[in-house]
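>>> Sequence and predicted model, in that order:
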Amino acid sequence: MATFAEKEDCMLTTYQQPDSLSFLANLKDYVFETAADHVKVTVSLTHEGTTKTVMEDTLFPYGGQVAVEDLAGLLEPYVRQYLSATLQFTVTEMDAEGEVTATTTSGAFTVLFSMADVGVTAQEFTAEHFLTIMNGPKLTAGGREERVYAYGTSSVTIQGWLADGTSITKTMNATATSGGVSAFFVSADRVVSLLGTTTDMLKEYLVKSGAREQRFIVGCDMVPPAPSLAFVNSFGCVEFLHCVGTHQKDSQYTRQSARFSGQLRNYRIVEERRFTANTGWLNTAMADWADELFRSMEVYIWLGDTIGKAVVVNDSKSVITNEDDDMPAFEFTYQYAQRIHNVLQHRHAGRIFDNTFDHTFN
């Protein structure tokens, strides 16, 4: 636990403070005891060398104690943007006349963005898991984007199992790193390029870093996803859901009319285009993980190699049972976030009709 700098005139005793590495969702309050008449508390965040003061307030002790509470609510807008940041407190103690009697600066506490209660400390979780709630194998195929994220490491090993029974293991370095969080682009296409094989030969692969593991099962799915969606998960990282069930488009128009020179005319037409998508059958791990899309505040159409239009999920239903043979498929509706819904997707983000429409006899 971080401790405060020693000062001869310091009257401050700390009762509770954040852990040296904390998730935002489980960030502890900062509680201390002081004999001062009042204190000025400054809360600052540092990310990649830039420090921002997020709170500076004068507080009066109650029963000799001061509690800085709801730090998660205070810091969320900043840590959501940064993924990780260094938190620090500065306490200036004052007497009744407003004269400074002591100034104390805390140690540094690393805060990682998380809106999930993971049940263990951030230190334990980040050492054993990638930054996702996915807890099992993920189904994938050629042409589908996949990424994993890890805190505190810059490389992973990838072991691929081939159709002839052999396996190949290679090391992959992070594609990008920010605030100690590294992103690894691990789509099947990139993995076969790294391993020197083909998508037809690759049956599954394991991405591993220390105790962290994520397994991907490679299918020979002839059905192109409609849509592929990129979304920000509970750890602030971008993940992808590729829907292979029925996809529908429903355009509704609101018209306002009036007569001009005796002729009836539509002078305003507002289009609202809503899509209904279906995930297709999901295994247990993916069914539980798919709720991340429905709770995400940032969702985008994925256009194969780039982020497309922002969309909003309007309605969703995700029901999972404990039946042994339960393989749920979730249906949800979404629409473009922008006002103009007459969007032309030259890069073919998805299809209007059932995914199986052109693949009935494949």
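Sure, I can see it.

>>> So Val191 versus Thr157, what's the distance?
Computed with Cβ to Cβ, to the nearest Å, the distance linking Val191 and Thr157 is 12 Å. C-betas here are computed from N, CA, C, even on glycine.

>>> Ser20 contacts Leu112, doesn't it?
No - assessed by Cβ atoms under 8 Å, Ser20 is found out of contact with Leu112, at 11.7 Å.

>>> When the two are compared, which one has more neighbours?
When Ser20 and Leu112 are compared on other Cβ atoms under 10 Å, the one with more neighbours turns out to be Leu112, at 25 against 14.

>>> Next, give phi and psi for the nearest residue to that one once chain neighbours are set aside.
Of all residues beyond its chain neighbours, the one nearest Leu112 is Ser84 (4.9 Å), with distances taken as Cβ to Cβ, 6 or more residues apart in numbering. Listed backbone geometry of Ser84 is phi -150, psi 150, with angles given as degrees, to the nearest 10.

>>> tally of neighbours for Ser84?
Counted by other Cβ under 10 Å, the residues lying close to Ser84 total 20.

>>> The strand or helix carrying Tyr334: partners in the sheet, and parallel or antiparallel?
Per DSSP states H and E: Tyr334 is located in strand 331-336. Each strand pairing with strand 331-336, determined using DSSP bridges, is listed with its direction: strand 263-278 (antiparallel), strand 307-317 (antiparallel).

>>> mind listing what's buried in it?
331-332, 334, 336 (16 or more other Cβ atoms under 10 Å).

>>> hang on, Glu93 packs against Thr13?
No - contact criterion Cβ under 8 Å: Glu93 and Thr13 do not qualify, at 11.6 Å.

>>> which neighbours do these two share?
Thr34 (Cβ atoms under 8 Å, 6 or more residues apart in numbering).

>>> Settle it for me: which of those two has more neighbours?
The residue with more neighbours, out of Glu93 and Thr13, is Glu93; 23 against 13, by other Cβ under 10 Å.

>>> Just to be sure, the more buried one is in a strand?
Yes - under DSSP: H, G, I helix; E, B strand; the rest coil, Glu93 falls within a strand.

>>> Against Val79, how distant is the nearest residue to it once chain neighbours are set aside?
Nearest in space to Glu93, with sequence neighbours left out and distances taken as Cβ to Cβ, 6+ apart, is Ala36 at 3.6 Å. Distance, Ala36 to Val79, by Cβ to Cβ: 30 Å.

>>> Looking at those two, which is more packed in?
Here Ala36 and Val79 are compared on neighbour count by other Cβ under 10 Å; more neighbours surround Val79, at 25 against 21.

>>> State the pLDDT value of that one.
Val79 is assigned a pLDDT of 93 by the prediction.

>>> State the three-state secondary structure for it.
Quick answer, by three-state DSSP: Val79 is helix.

>>> That one is in contact with Ala85, isn't it?
Yes - contact criterion Cβ under 8 Å: Val79 and Ala85 qualify, at 5.4 Å.

>>> Next, show the common contact partners of the two.
Shared contacts of Val79 and Ala85, defined by Cβ under 8 Å, 6+ apart, are found at 45, 111.

>>> on that earlier part again, overlap of the contact sets of Ser20 and Leu112?
Going by Cβ under 8 Å, 6+ apart, no residue sits against Ser20 while also sitting against Leu112.

>>> and Leu59, what are its bridge partners?
With DSSP bridges applied, the residues forming beta bridges to Leu59 are Val39.

>>> from now on call the first residue 29
Will do, 29 is the new start, and the previous item becomes Leu87.

>>> Now Ala150, what are its backbone angles?
When quoted as degrees, to the nearest 10, the phi and psi of Ala150 stand at phi -60, psi -40.

>>> ok so, going back, tell me who's in contact with the residue nearest to Glu121.
39, 89, 121-123, 129-130.

>>> Contacts for the worst-scoring helix or strand of the chain on mean pLDDT next, please.
Least confident helix or strand of the chain, by mean pLDDT, DSSP states H and E, is strand 204-206 with a mean of 87. Strand 204-206 is contacted from outside by 76, 110-112, 182, 210-211, using Cβ under 8 Å, 6+ apart.

>>> Name the residues of that strand that come out as buried.
Judged by neighbour count (16+ other Cβ under 10 Å), strand 204-206 contains no buried residues.

>>> Work out the sheet partners of that strand and label each with its direction, please.
strand 209-213 (antiparallel).

>>> can you give me the helices in the stretch 29-178 of the chain?
Taking DSSP state H, counting those that start in this stretch as the test, the helices found in the stretch 29-178 of the chain are 99-110, 150-156.

>>> can you state the direction angle for the first one and strand 209-213?
Note on geometry: by axes from the mean of the first three to the mean of the last three Cα atoms, to 10 degrees, helix 99-110 and strand 209-213 are set 40 degrees apart in direction.

>>> CA-only coordinates of stretch 248-263, as CSV, when you get a sec.
Listed next in CSV are the C-alpha coordinates belonging to stretch 248-263 (Å, rounded to 0.1, in the frame of the first residue of the first chain):
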residue,chain,number,x,y,z
CYS,A,248,-15.3,-22.6,-42.3
ASP,A,249,-18.4,-20.4,-42.3
MET,A,250,-19.5,-19.5,-45.8
VAL,A,251,-21.9,-16.8,-44.4
PRO,A,252,-20.5,-13.3,-44.3
PRO,A,253,-21.5,-11.4,-41.1
ALA,A,254,-24.3,-8.9,-41.3
PRO,A,255,-23.5,-6.8,-39.4
SER,A,256,-20.1,-6.8,-37.9
LEU,A,257,-20.1,-4.4,-35.0
ALA,A,258,-17.2,-2.8,-33.1
PHE,A,259,-18.0,-1.8,-29.5
VAL,A,260,-16.3,-0.6,-26.4
ASN,A,261,-16.3,-3.2,-23.7
SER,A,262,-16.5,-2.8,-19.9
PHE,A,263,-12.7,-2.2,-19.8
